[in-house]
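A.B. asks: The following block contains a protein sequence and its predicted model.
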Amino acid sequence: MREDYLKEAKTVISDPNVLINVVSRRVKQLKRGSRPLVESLEKLSLEDVALREVSEGKITFELA
């Protein structure tokens, strides 16, 4: 997991527990075949893809 992506995602979702849950849920979706919502010229891990999606506002969350 790249530190710069993690820092950017933390600015969007400041609660670490919520961030972990959002990223892990998105990684599961990506593993099942969902297409990434961000493009990259380099090969990123699924965790990095999810973090970039969060930091770029492509993924939102709602607390119940």
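C.D. replies: Noted; the coordinates are in hand.

A.B. asks: In contact with residue 62, which residues?
C.D. replies: Not one residue lies near residue 62 by CB atoms under 8 Å, 6 or more residues apart in numbering. C-beta coordinates here come from the backbone N, C-alpha and C atoms, glycine included.

A.B. asks: I'd like the distance between residue 39 and residue 53.
C.D. replies: 11 Å (CB to CB, to the nearest Å).

A.B. asks: more crowded one of those two?
C.D. replies: residue 53 (20 against 7; other CB atoms under 10 Å).

A.B. asks: can I assume that one is in contact with residue 61?
C.D. replies: No - using CB atoms under 8 Å, residue 53 is not in contact with residue 61; the gap is 11.4 Å.

A.B. asks: Can you read off the pLDDT for residue 62?
C.D. replies: pLDDT for residue 62: 89.

A.B. asks: Is it within a helix or a strand, and which one?
C.D. replies: For residue 62, there is no host helix or strand (DSSP states H and E).

A.B. asks: And for residue 26?
C.D. replies: Taking DSSP H and E as the definition, residue 26 sits inside helix 16-31.

A.B. asks: Run the angle between whatever helix or strand comes next after that helix and helix 16-31 for me.
C.D. replies: Using DSSP H and E, the next helix or strand after helix 16-31 towards the C-terminus is helix 46-55. Put simply, helix 46-55 runs at 120 degrees to helix 16-31, going by axes from the mean of the first three to the mean of the last three CA atoms, to 10 degrees.

A.B. asks: Can you tell me what sits against helix 46-55?
C.D. replies: So helix 46-55 is contacted by 1-2, 5-6, 8-9, 11-13, 19, 22-23, 26-27, 30-31, 36-38, 40, 44, 59 (CB under 8 Å, 6+ apart).

A.B. asks: Please save the CA atoms from it in CSV.
C.D. replies: Output of helix 46-55 as CSV, limited to C-alpha atoms (Å, rounded to 0.1, in the frame of the first residue of the first chain):
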residue,chain,number,x,y,z
LEU,A,46,-6.2,-3.4,-5.4
GLU,A,47,-5.8,-1.6,-2.1
ASP,A,48,-4.1,1.3,-3.9
VAL,A,49,-6.8,1.5,-6.5
ALA,A,50,-9.4,1.6,-3.7
LEU,A,51,-7.5,4.3,-1.9
ARG,A,52,-7.2,6.4,-5.1
GLU,A,53,-10.9,6.0,-5.7
VAL,A,54,-11.6,7.3,-2.1
SER,A,55,-9.2,10.2,-2.4
